[in-house]
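# Predicted structure and sequence below. I'll ask about it afterward.
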Amino acid sequence: MRRLTVLAAAAIAIGLAVPASAASPTEVGVVQNFGPPLAASCHNPEGIAVDPTGNIYAASFAFQPVANICVVNRRGVLVDVIPVPAGSAGVASLLGELFEPGQGLYVLDFANGASGNGRLLLVDPASHAVRVIASGFQAPNGLTQDRHRNIYISDSFQGVIFKVASDGTTAIWKQDPRLTPQPGTGPPFGANGVAFDRNEEFLYVATTADAKIYRIPVLKDGTAGSLQLFASGEAIDATQGTTEALHGADGIMFDVRGNLYVTANSAQHPAPGLPGELQVLSPEGRLIARYDGVAQHDLDFPASLVFHERAVYMTNLSLTDGGVNSKLSVMVVPFPGQPLRP
């Protein structure tokens, strides 16, 4: 399998370059397919989540009356398919997911991308019951939760970060024109993946079209501070001599060392190949590593990622080729992912 790195010394310093030895479920730093092909059961998988036992939940960006969530256990076996019926839009198209122990599986329904049709759902994996927690969004895409059980949702078309309280009360937490779709090299989505740093001092937000990562200070009263640019793909390429940094920045997550993993769904380095890489930013916003698979293990428009122990799992949205490569990928990493909440 191919392992792509930049700034090798920096990568070694954080442990990203290691001897090529076997690790479970695969070699460190090597991208491999995980589980069965999902085109028949959960085509165009986008959102991903993991429960404490290691079950992976992959959500279908379906645009169908019923969209499925596929459950793949840590041995790579498809063990369940959870149907999610559409709301008033008539179609369900599932994006971001988040599993919280004691609460259940949160999932966002983009629906048809029309104003007011997007939903935040809570799914019971055991009973398959689906409950609407909040609605009225346009393009809900990424989500995360703070220590107070507030859910933060990015709306990719409105350029808004919504805050949803545990009772479903919804308010605009942050709105900024820079979070709307901007001219760029990626798909026409603005605010996408969201993640808190370890101490919840900042909420980080990926903007897909223009290959940027912003961060928003969380003020002492819980309100949002001013948007700050953390990393720009264009600036990284200009200063580090790279190409296609952060192209199509989509899902984001931190490891325990403060490195930010980004599914760059449109990056192709080196070309040719299917679109997409897993790229890693240091705590200072420098690009320190980038990964892809080869041949049948090639990433294909990776959309979302989730850590479980020292493995990072990714959905392959397979958006540009009709979903033929709808699948999950896995890569072992040197350090575990940051806990979702402190």
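That came through fine.
# Mind jotting down where the helices sit in the chain?
Using DSSP state H, the helices of the chain run over 8-14, 233-240.
# lowest-confidence stretch among those helices?
With a mean of 37, helix 8-14 has the lowest mean pLDDT of the helices of the chain.
# what about the stretch 201-342 of the chain, any weak spots by pLDDT?
Within the stretch 201-342 of the chain, the set of residues satisfying pLDDT under 70 comprises 341-342.
# need the strands for it, in chain order.
Remark: strands assigned in the stretch 201-342 of the chain by DSSP state E, counting those that start in this stretch are 202-207, 212-217, 228-232, 249-254, 260-264, 277-281, 287-291, 302-308, 311-316, 327-332.
# Any chance of those strands in TSV with distance to Ala191 and mean neighbour count as columns?
Any C-beta I mention is one placed from the backbone N, CA and C, and that applies to glycine too. As requested, those are exported to TSV (distance: least, CB to CB, whole Å; neighbours: other CB atoms under 10 Å):
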stretch	distance to Ala191	mean neighbour count
strand 202-207	5	26
strand 212-217	8	21
strand 228-232	13	18
strand 249-254	11	26
strand 260-264	14	29
strand 277-281	17	26
strand 287-291	21	24
strand 302-308	14	26
strand 311-316	19	27
strand 327-332	24	24
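# Any idea which of these gets closest to Asp80?
Taking CB to CB, strand 327-332 is the member of the strands of the stretch 201-342 of the chain nearest to Asp80, at 14.6 Å.
# which strands and helices sit next to that closest one?
Applying 3 or more CB pairs under 8 Å, 6 or more residues apart in numbering; DSSP states H and E, we find strand 327-332 packed against strand 32-34, strand 45-50, strand 311-316.
# tell me the average confidence for the shortest one?
Looking back up the chat, that one is strand 32-34. 97.
# Neighbouring strands of it in the sheet, and parallel or not?
Using DSSP bridges, the strands paired with strand 32-34 are strand 327-332 (antiparallel).
# what separates the nearest residue to Ile172 once chain neighbours are set aside from Pro302, distance-wise?
The shortest distance from Ile172 to any non-neighbouring residue, by CB to CB, 6 or more residues apart in numbering, is to Val160 (5.5 Å). Distance from Val160 to Pro302, counting by CB to CB, to the nearest Å: 25 Å.
# show me what contacts Gly285?
213, 230-231 (CB atoms under 8 Å, 6 or more residues apart in numbering).
# again, 6 Å this time
The contact partners of Gly285, by CB atoms under 6 Å, 6 or more residues apart in numbering, come to 230-231.
# now do Gly248
Counted by CB under 6 Å, 6+ apart, Gly248 has contacts 186, 208, 264-266.
# hang on, the earlier thing: nearest to Pro181, of the strands of the stretch 201-342 of the chain?
Taking CB to CB, strand 202-207 is the member of the strands of the stretch 201-342 of the chain nearest to Pro181, at 8.2 Å.
# what's the straight distance from one end of stretch 175-185 to the other?
23 Å (CA to CA, to the nearest Å).
# for stretch 124-144, that is, sorry about that
So stretch 124-144: terminal residues 18 Å apart, CA to CA.
# Give the buried residues for it.
Neighbour-count burial for stretch 124-144 flags 125, 130, 133-135, 137-144 (criterion: 16 or more other CB atoms under 10 Å).
# okay, among those, which ones form the most distant pair?
Pro125 and Gln138 (27.4 Å).
# okay, the closest residue to Gln103 other than its chain neighbours: pLDDT?
Distances taken as CB to CB, 6+ apart place Leu122 nearest to Gln103, at 7.1 Å, with adjacent residues excluded. In this prediction, Leu122 carries a pLDDT score of 98.
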